[in-house]
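Sequence unavailable; structure follows:
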């Protein structure tokens, strides 16, 4: 069986204690839908610089448990209410995908009321009907040694268009709509700037942010440096450079309720750096 990375660290656990934080893949997010931590729930977007294609709510579930989970979320007022809150912020339908991490077996629907049980070919047909561009030119531009989070990430890389970004929202706040993109870095957060390799992801998130009047923030942090983060505001993301500004601060309420403009003298940058290829 494929081994997948799971993100669990001090910053995520810290933010999990804040009311209103939607942390993709965290047990606190599963609980909002009356599901267990094993039934991992994630919120994803499919977009590029020019277009938002769709949003997905994915649930990790062995195929023999699909019926039970479908009944749970269908009968749960908490699940339905929470899904509607997310929809109201993103202003677009959200497709729900239950997937078995062991095999290509899925249950798919655009609400908790109705699901279709599908194999891989059925999934391709389903999302072609959502938007034909989603399944055109399948494959990936990403390096094969990129971190893999789950089996669905492998599946979508193989079957969805390489001309769009399909990724998790790391953190979404609903009350004062904000997207947080988290970057756990090895180098010092005092000097870290974004890589142009990630410009497509930043551009897609910027489009989602601007379209829906949602703030976008990038947080760089280090495993061994608890209690301090670099809070970034991406101004422009192109293939040639990424313009932004940042401050060093604590991961406190001020980060959630405030923003870069509330702080004095942020550091501005224009990053042109790229990751060195690994062989």
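Good, I have the coordinates. Predicted model, so just to flag it, every value in this text is computed and none were measured.

Could I get the full set of helices for this protein?
For the chain, applying DSSP state H gives helices covering 10-16, 27-31, 66-75, 77-90, 120-130, 151-159, 199-212, 253-257.

could you redo those as CSV and give each row mean neighbour count and mean pLDDT?
(Glycine included, C-beta is placed from N, CA and C.) Shown next, in CSV, are these (neighbours: other CB atoms under 10 Å; pLDDT from 0 to 100):
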stretch, mean neighbour count, mean pLDDT
helix 10-16, 17, 93
helix 27-31, 18, 94
helix 66-75, 16, 92
helix 77-90, 15, 94
helix 120-130, 16, 95
helix 151-159, 18, 86
helix 199-212, 19, 96
helix 253-257, 15, 67
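
Please name the residues that touch residue 214.
Residue 214 makes contact with 89, 177, 178, 179, 208 under the criterion CB atoms under 8 Å, 6 or more residues apart in numbering.

mind running it again at 10 Å?
89-91, 169, 172-174, 176-179, 205, 208 (CB atoms under 10 Å, 6 or more residues apart in numbering).

swap in residue 96?
Residues near residue 96 by CB under 10 Å, 6+ apart: 33, 41, 56-59, 70, 73, 79, 83, 107-112, 114-115.

Also residue 201?
Applying CB under 10 Å, 6+ apart, one finds that residue 201 lies in contact with 45, 47, 48, 165, 167, 181, 194, 237.

same thing but 8 Å
165, 167, 181.

And the pLDDT at the last one?
Per-residue confidence (pLDDT) for residue 181: 96.

Contact partners for the residue most central in space within the chain?
Nearest to the geometric centre of the chain sits residue 168, at 1.6 Å (CA atoms, centre = their mean). With contacts taken as CB under 8 Å, 6+ apart, residue 168 has the following neighbours: 24, 25, 42, 43, 44, 149.

Report the two of the residues you listed separated the most.
43 and 149 (13.1 Å; CB to CB).

Which of those two has more residues huddled nearby?
residue 43 (21 against 18; other CB atoms under 10 Å).

Can you verify my assumption that that one contacts residue 87?
No. Shown here, residue 43 and residue 87 do not form a contact pair, counting by CB atoms under 8 Å, at 11.1 Å.

For these two, list the residues in contact with both.
residue 94.

sorry, back to before: right, and the helices of the chain - which one's nearest residue 188?
Closest approach to residue 188 among the helices of the chain is made by helix 10-16 (15.8 Å; CB to CB).

Show me the contact partners of the closest one.
When contacts are defined by CB under 8 Å, 6+ apart, helix 10-16 is touched by residues 21, 23, 26-28, 171, 182, 184, 219, 221, 223, 226, 229, 251.

Repeat that for stretch 153-167.
The set of residues that contact stretch 153-167 without belonging to it, under CB under 8 Å, 6+ apart, is 2, 44-48, 51, 53, 99, 104, 120, 123-124, 127, 133-142, 148, 200-201, 204.

domain parsing for the protein?
The chain breaks down by automatic domain parsing into domains covering 10-168, 176-271.

circling back to that earlier point, adding distance to residue 243, write the helices of the chain out as TSV.
Output for the helices of the chain, formatted as TSV (distance: least, CB to CB, whole Å):
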stretch	distance to residue 243
helix 10-16	25
helix 27-31	32
helix 66-75	41
helix 77-90	26
helix 120-130	33
helix 151-159	29
helix 199-212	10
helix 253-257	21
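
To residue 265, which of those lies closest?
Judging the helices of the chain by CB to CB, what sits closest to residue 265 is helix 253-257, at 15.8 Å.
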